[in-house]
Structures are given as C-alpha cells and as structure tokens.
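Peer 1: here's my sequence, what's the structure:
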Amino acid sequence: MSVREIPMYIDGKPVPSNSQEWRDVVNPATQEVVARVPFCSAEEVDRAVASAKEAFKTWRKVPLGKRMRIMLKLQALVREHTPELAALITEEHGKTLPDAEGEVGRGLEVIEHACSITSLQLGELAENAGTEIDVYTLNQPLGVGAGITAFNFPIMLPCFMFPLAIATGNTFVLKPSEQDPSSTMRLVELAHEAGVPAGVLNVVHGGPDVANQIADHADIKALSFIGSSHVGSLLYDRAAKAGKRMQAMMGAKNHCVVMPDANRSQAINNLLGSAFGAAGQRCMANSVVVLVGEAKAWLDDIVDGARNMKVGPGTQRDADLGPLVSPAARDRVIRLIDAGEQEGAKLLVDGRGYEVSGYEHGNFVGPTVFADVTPEMTIYREEIFGPVLCVVSVDTLDEAIEFVNANPNGNGTSIFTNSGWVARRFESDIDVGQVGINVPIPVPVAYFSFTGSRGSKLGDLGPNGKQAIAFWTQTKTVTARWFEPENVSSGINSTISLS
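Peer 2: Alright, predicted model coming up:
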C-alpha cells in the first residue's frame with residue numbers, strides 16, 4: 001500500500017514540500033503508517049505568508065455578498081462530504097465514526113454562521129452626534145491571520161478559525177496538527193472548490209519551529225491557537241511581543257457536579273459519555289465528577305456503567321470509545337493511572353492492559369475510574385487527556401462550587417439537577433467559561449462565542465459568535481461633517497446628481 005505525502009497548500013494549490021524532515025501519520029488502531037507529513041522550512045512558511053499578504057490586497061475588497069456565497073457553497077460541500085471527512089478523522093485520530101461525524105457537524109455550524117457575514121460585519125452609526133456631524137464605525141479586516149490547531153478535532157478546530165477569518169476579509173495561514181492532517185487538508189480543498197481565491201487560505205505543517213515562526217512573523221496580524229496551556233502561554237507571549245492580536249484556548253480540568261435531585265439515569269449516562277467519549281481526548285471532557293450529598297450513593301452505578309462501555313477501533317460503530325492518538329499518549333495516560341494508584345486514590349475500574357481482539361497493537365486504554373481523589377493528586381492536577389474519571393464527594397452545593405472554582409482552569413463545567421434555583425445559583429457563582437445545565441459537554445452553538453476563564457484562556461476574545469467577528473476585524477471610527485458648497489445656490493444644490 002502506497003503512503004500518501006501530505007502537501008502544503010499555497011497560492012490556491014497543493015504544493016509538495018522540499019523539507020528534509022518528515023513525520024509518519026499513523027492509524028492509532030493498527031499502527032499502520034497511512035501518510036507522511038513534512039515539517040516545513042522557514043522559507044516555505046514565509047512563502048505561504050507572502051501569498052496570503054498579496055491576496056489580501058484584493059480579497060479585502062471583495063463584496064460581502066460574494067464572500068457569503070462562497071461560505072454557502074462550502075457548507076453544502078462539507079455536508080455532502082461528511083462521510084469522507086469523518087472516515088479520514090477516524091483513520092488518523094481514532095475516534096469512532098459517529099463521533100467523527102458529530103465533529104464534522106459542529107464544524108459545519110461555524111461555516112453556516114459565516115454565511116451570515118452580510119449582517120455580522122455591520123458597523124454602527126450615530127446621526128447628528130454633533131451639529132450636522134455623523135459618527136460611524138467600519139469593521140475592517142486586519143490582514144493576514146493564522147491558526148494553529150490541536151489534534152483532537154482536526155475538522156472542528158480549523159472551522160473555529162478560518163471561515164470567519166476569511167469571511168470578514170482576512171487571508172489565512174493554517175498549521176494543523178501533524179498527527180492527523182488529512183481531514184484538514186480535504187477541508188481546505190473543499191474551500192477552494194467552493195470558490196476561495198488563490199492565496200486566501202494557505203496551509204503549512206510542522207512542529208514548534210513553525211509555530212514560533214508564525215507567532216513571531218511581522219506580516220501576520222492575528223493568531224488563533226487551540227492546544228495545551230504550556231504551548232499556548234509560550235506562543236501568547238511571543239505573539240504579544242511581536243505586536244499581534246492573539247486568542248489562546250488552552251488546558252482544562254472540567255467538572256460535572258451531580259445533585260441528588262437529578263435524573264439519575266440521565267446524569268450517569270451523560271457523564272460517562274462526556275468523560276470517555278473520544279477516549280477522553282476532548283478539551284471539554286468532564287474528567288472530574290463531583291457527587292453532592294446523597295448522590296454519593298450513585299458511585300456504584302458509575303462504576304458499572306464504565307465497565308460496560310465498549311472499546312474498539314473507530315470503524316466499529318457500536319464502540320463507545322476508540323484508541324488514543326499515539327503510543328506516547330497511551331504511555332502518558334498509563335503513567336498517570338500509575339501515579340493515581342501510588343498517591344492513594346481508590347482505583348475502581350482499571351483500563352490499563354486493555355486489548356482489542358484483532359487490534360493488539362492499538363493504543364487502547366479502557367475506561368478508568370478513581371474515587372477518593374484529592375486536589376493534591378497528580379491525576380487531579382494534570383489534564384490527563386485520556387479515558388480517566390476522577391470522582392470527588394462533597395456534602396453541599398457550596399462545597400461543590402468552591403471546589404470547582406479552586407481549580408486553576410476554567411474551560412467548561414456542568415451540573416445535573418432538577419432544581420431551577422440550584423442551576424441558577426451554580427451558573428451565577430461558578431468561575432468557568434462554559435456552563436452546562438443537564439448538558440454534559442457545554443460547547444455552545446457557533447453563533448455564541450467559545451469562552452473560558454483563568455488558566456484555560458488567554459486573550460479577551462474567543463472563537464465563534466460575536467467575539468470572533470471582533471477578533472478578526474479592526475474597528476475604524478469615522479467622524480464626518482459635510483458643508484454646502486459656497487459657489488452653489490441652495491436651489492441648484494438640491495438638483496445635484498449622484499450618478
């Protein structure tokens with residue numbers, strides 16, 4: 001079987017890289033090498049940025065209606081090619097096909113939102129702010145934007161970035177994860193099929209050197225990043241030093257609070273799905289469940305549910321979770337499970353040593369459940385990014401809120417309850433960007449902004465919704481006053497033609 005080589009995408013076409021450094025892209029269920037991806041040279045990155053910079057001169061002047069029609073065509077193409085995109089995700093990431101199809105759907109929501117650009121990019125007007133003086137704003141594109149995405153959502157995360165960036169008139173350079181780039185590249189091909197002009201959307205590949213070059217590059221005006229807190233913090237500092245605008249959506253330790261008045265079966269099924277879906281490789285995964293009061297008695301049901309979840313390759317549609325993305329990811333999760341056991345957490349379900357018949361070389365870790373977890377333990381302090389659920393018990397809602405707010409991260413949280421008062425109290429007092437009420441993974445629909453607080457986010461503006469429009473545009477305020485021409489009488493002036 002031939003191994004495809006992933007190209008760059010520059011100036012409207014796929015371009016082979018001349019890099020001497022290449023990495024294998026591996027199917028995590030089989031360890032089969034399915035592709036090779038280059039780590040682009042500095043010259044190749046400069047070439048992509050130069051293409052975007054040149055294209056900006058004309059793209060910024062393209063009418064809003066034409067940009068809208070390109071987005072309309074793109075959403076139709078993505079919808080048509082959902083099975084193909086999902087299969088590529090599953091092949092290189094490992095998540096189940098239903099999960100991958102759901103990811104494409106969430107990315108599609110953002111493209112559909114970008115179809116509303118004709119109303120999203122409107123400015124404001126104050127007539128007669130002073131005597132015969134009008135003040136109005138223009139929301140103009142910045143120039144070249146860039147995006148750096150993580151491996152866990154190779155379609156959704158790029159859609160969090162480039163559709164609104166280019167719909168607002170910017171051009172773009174995207175660096176997808178080197179671990180699973182094929183679905184991203186297919187999405188970029190579809191964007192050009194939809195009518196995105198040459199140079200407007202470019203793709204480069206690589207690791208830290210390429211990411212640092214993007215953060216430092218003087219011709220890139222804004223950078224969107226989704227990934228780890230360590231990398232995001234470093235890139236944010238570099239981008240700020242280079243004078244560019246940046247948003248960094250980073251690490252998480254999400255909590256699911258379960259009240260004793262909640263619908264028991266719904267709460268348990270939902271928290272298990274959110275903890276173990278995609279093998280826990282979601283920044284919005286609920287990796288900690290906080291059982292409040294009498295809900296502590298539900299622990300046995302949680303354990304039984306975890307034991308009954310099916311692990312298998314992503315191509316098995318009835319599998320609840322697939323493999324981790326790489327052997328290194330699997331080894332890290334196992335080390336953290338070891339640490340939890342050594343530090344005194346009670347291991348109730350052990351996913352180590354998990355094997356799937358016919359896929360003995362896959363990066364599988366089964367659902368794992370720890371009880372009696374404390375904030376000092378490594379499994380609580382670190383984002384595991386694997387199918388490991390930490391269970392904490394408290395007596396009251398106040399204790400639960402205090403516990404969640406004491407964590408350094410503030411990406412997402414959820415509460416399960418049948419009390420409107422409890423839900424309102426929780427949403428008011430919790431210091432977390434995204435809150436779910438009887439919803440386990442509260443990623444908002446695309447016309448609301450993806451947010452975050454504390455250690456989970458750097459930058460004032462997040463992806464999607466109104467915040468993304470503000471992020472990808474520069475507000476220009478115009479104060480205008482027009483005088484009647486001195487050499488034209490009022491009678492003649494009233495007949496002046498505007499043709």
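Peer 1: those helices in the stretch 351-499 of the chain, which residues are they?
Peer 2: All helices of the stretch 351-499 of the chain, identified by DSSP state H, counting those that start in this stretch, fall at 378-381, 397-406, 420-429, 465-471, 490-493.
Peer 1: how about JSON lines for those, with distance to residue 340 and mean neighbour count added?
Peer 2: Where C-beta positions appear, they are placed from N, C-alpha and C, glycine not excepted. Output for the helices of the stretch 351-499 of the chain, formatted as JSON lines (distance: least, C-beta to C-beta, whole Å; neighbours: other C-beta atoms under 10 Å):
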{"stretch": "helix 378-381", "distance to residue 340": "4", "mean neighbour count": "17"}
{"stretch": "helix 397-406", "distance to residue 340": "18", "mean neighbour count": "18"}
{"stretch": "helix 420-429", "distance to residue 340": "27", "mean neighbour count": "14"}
{"stretch": "helix 465-471", "distance to residue 340": "37", "mean neighbour count": "20"}
{"stretch": "helix 490-493", "distance to residue 340": "82", "mean neighbour count": "9"}
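Peer 1: so where's the protein shaky on pLDDT?
Peer 2: The chain contains residues with pLDDT under 70 at 1, 488-499.
Peer 1: hmm, 90 instead?
Peer 2: Counting by pLDDT under 90, the chain contains low-confidence residues at 1-3, 353-355, 455, 484, 486-499.
Peer 1: domain-wise, how is it divided?
Peer 2: 4-250+456-478, 254-437 (automatic domain parsing).
Peer 1: ends of the shortest one, what's the gap?
Peer 2: End-to-end distance for domain 254-437: 14 Å, by C-alpha to C-alpha, to the nearest Å.
Peer 1: again, but for the longest one
Peer 2: Start to finish, the residues bounding domain 4-250+456-478 are 52 Å apart (C-alpha to C-alpha).
Peer 1: export the domains of the chain as a markdown table, with columns for distance to residue 444.
Peer 2: Converted to a markdown table, the domains of the chain look like this (distance: least, C-beta to C-beta, whole Å):
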| stretch | distance to residue 444 |
| --- | --- |
| domain 4-250+456-478 | 7 |
| domain 254-437 | 7 |
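Peer 1: among the ones you listed, which comes closest to residue 487?
Peer 2: domain 4-250+456-478 (19.3 Å; C-beta to C-beta).
Peer 1: touching, residue 125 and residue 133? I think so.
Peer 2: No. With contact defined as C-beta atoms under 8 Å, residue 125 does not reach residue 133; the gap is 11.9 Å.
Peer 1: burial count for residue 454?
Peer 2: 15 (other C-beta atoms under 10 Å).
Peer 1: all helices of the stretch 151-300 of the chain, in order?
Peer 2: 156-159, 162-167, 182-193, 208-216, 229-241, 264-276, 299-307.
Peer 1: so for the fifth one, what gets flagged as buried?
Peer 2: Think helix 229-241. Neighbour-count burial for helix 229-241, counted by 16 or more other C-beta atoms under 10 Å, picks out 229, 231, 232, 233, 234, 235, 236, 238, 239.
Peer 1: same check on the fourth one?
Peer 2: Along helix 208-216, the positions that meet the burial threshold by neighbour count (16+ other C-beta under 10 Å) are 210, 211, 213, 214, 215.
Peer 1: and what of the shortest one?
Peer 2: In terms of neighbour count (16+ other C-beta under 10 Å), helix 156-159 has its buried residues at 156, 157, 158, 159.
Peer 1: please apply the same query to the last one.
Peer 2: Neighbour counts over helix 299-307 (16+ other C-beta under 10 Å) mark 299, 302, 303, 305, 306 as buried.
Peer 1: which non-adjacent residue is nearest the third one?
Peer 2: It refers to residue 303. Distance criterion C-beta to C-beta, 6 or more residues apart in numbering; nearest residue to residue 303, sequence neighbours excluded, is residue 348 at 5.0 Å.
Peer 1: assign that neighbour to helix, strand or coil.
Peer 2: Assigned by DSSP: H, G, I helix; E, B strand; the rest coil, the conformation of residue 348 is strand.
Peer 1: for it, which residues are in contact?
Peer 2: 299, 303, 369, 370, 371, 391 (C-beta atoms under 8 Å, 6 or more residues apart in numbering).
Peer 1: give me that answer again for 6 Å
Peer 2: 303, 369, 371 (C-beta atoms under 6 Å, 6 or more residues apart in numbering).
Peer 1: just name the closest of the buried residues of helix 156-159 to residue 313, please.
Peer 2: residue 156 (21.2 Å).
Peer 1: my guess is the closest one meets residue 107, correct?
Peer 2: Yes. Counting by C-beta atoms under 6 Å, residue 107 is a contact partner of residue 156 at 4.3 Å.
Peer 1: okay, and the common contacts of those two?
Peer 2: Shared contacts of residue 156 and residue 107, defined by C-beta under 6 Å, 6+ apart, are absent.
Peer 1: from the buried residues of helix 208-216, pick the one nearest residue 145.
Peer 2: residue 214 (10.4 Å).
Peer 1: state the phi and psi torsions of the closest residue in space to that closest one that isn't next to it in sequence.
Peer 2: Spatially, and ignoring its direct neighbours in sequence, residue 214 is nearest to residue 146 (5.0 Å; C-beta to C-beta, 6+ apart). Main-chain dihedrals, residue 146, degrees, to the nearest 10: phi -140, psi 160.
Peer 1: got a list of what the residue nearest to the spatial centre of the chain touches?
Peer 2: Per C-alpha atoms, centre = their mean, the C-alpha nearest to the average position across the chain is that of residue 157, at 3.9 Å. By C-beta under 6 Å, 6+ apart, residue 157 lies in contact with 149, 226.
Peer 1: try it again at 7 Å.
Peer 2: Contacts for residue 157 (C-beta atoms under 7 Å, 6 or more residues apart in numbering) come out as 149, 150, 226.
Peer 1: can I get these in JSON lines with neighbour count?
Peer 2: Below are the contacts of residue 157 laid out as JSON lines (neighbours: other C-beta atoms under 10 Å):
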{"residue": "149", "neighbour count": "25"}
{"residue": "150", "neighbour count": "22"}
{"residue": "226", "neighbour count": "24"}
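Peer 1: ok, now how distant is residue 256 from residue 413?
Peer 2: Look at residue 256 and residue 413: by C-beta to C-beta, to the nearest Å, they are 7 Å apart.
Peer 1: neighbour count: the two, which is higher?
Peer 2: Neighbours per residue (other C-beta under 10 Å) separate residue 256 from residue 413, with residue 413 holding more: 31 against 27.
Peer 1: and the closest residue to the more buried one other than its chain neighbours, how many neighbours?
Peer 2: Closest residue to residue 413 apart from its sequence neighbours, by C-beta to C-beta, 6+ apart: residue 432 at 4.4 Å. Here the number of neighbours of residue 432 (other C-beta under 10 Å) works out to 26.
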